[in-house]
Structures are given as C-alpha cells and as structure tokens.
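>>> Have a look; sequence and predicted model below, questions after that.
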Amino acid sequence: MGTHYICTGGCGGVSETPGACHTGGCPDYGTPLKECHCEDGMHSEVKEQEGDESGKESAV
C-alpha cells in the first residue's frame, strides 16, 4: 500500500497525498491527515498512536 494519509476523526478517509480531512460532518474536518505506512489497510500503527495521545489528554 505504501505511504498514505488517514483521518482519525471517524470518517475513515484515506489519501495518497498529505492534506487535511475534507469530509463534511467529520469531527476532524480540516485537521491534517496522519501519515501511515501500513500494508494491510488497517492503519493499526496510527490508530494506536492516536489512542495513546487521547489517553494522555484525558489524564490531565
């Protein structure tokens, strides 16, 4: 699959080029997409990182 960029806001957006989410109604609309290197299309690495970051925020 190579390098691709995903939205972690829930819309499931995937792009071959960097940019921001353009899905209307997505909570992360306008937020930069996250770089991903997965080969299976599951984006596990990015989703795990995102979960770690949100866990840190809620602990504050």
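That came through, no problem.
>>> Residue 31 - nearest residue in space that isn't next to it in sequence?
Nearest non-adjacent residue to residue 31, counting by C-beta to C-beta, 6 or more residues apart in numbering: residue 21, 5.5 Å away. Every C-beta, even on glycine, is put in place using the N, C-alpha and C of the backbone.
>>> scratch that, residue 16
residue 4 (5.7 Å).
>>> What about the one you found, how many residues nearby?
For residue 4, the tally of surrounding residues (other C-beta atoms under 10 Å) stands at 19.
>>> Got the phi and psi for it?
phi -150, psi 170 (degrees, to the nearest 10).
>>> so where is the chain shaky, pLDDT-wise?
Low-confidence segments of the chain, defined by pLDDT under 70, span residues 1, 51-60.
>>> So which bits of stretch 25-44 are buried?
If you call a residue buried by 16 or more other C-beta atoms under 10 Å, then stretch 25-44 has these buried ones: 26, 28, 33, 34, 36, 38, 43.
>>> What's the end-to-end length of stretch 23-31?
End-to-end distance of stretch 23-31: 10 Å, with C-alpha to C-alpha, to the nearest Å as the criterion.
>>> As a check, name the ranges of all helices in the chain.
Assigned by DSSP state H, the helices in the chain fall at 44-58.
>>> can you map out the strands along it?
Shown for the chain, the strands assigned by DSSP state E span residues 4-6, 14-15, 34-36.
>>> Counting neighbours, what do you get for residue 18?
Neighbours around residue 18, by other C-beta under 10 Å: 12.
>>> The residue nearest to it when sequence neighbours are not counted bridge partners, please.
If the residues on either side of it in the chain are set aside, residue 18 comes closest to residue 5, at 5.3 Å by C-beta to C-beta, 6+ apart. Beta-bridge pairing of residue 5 under DSSP bridges involves residue 15, residue 35.
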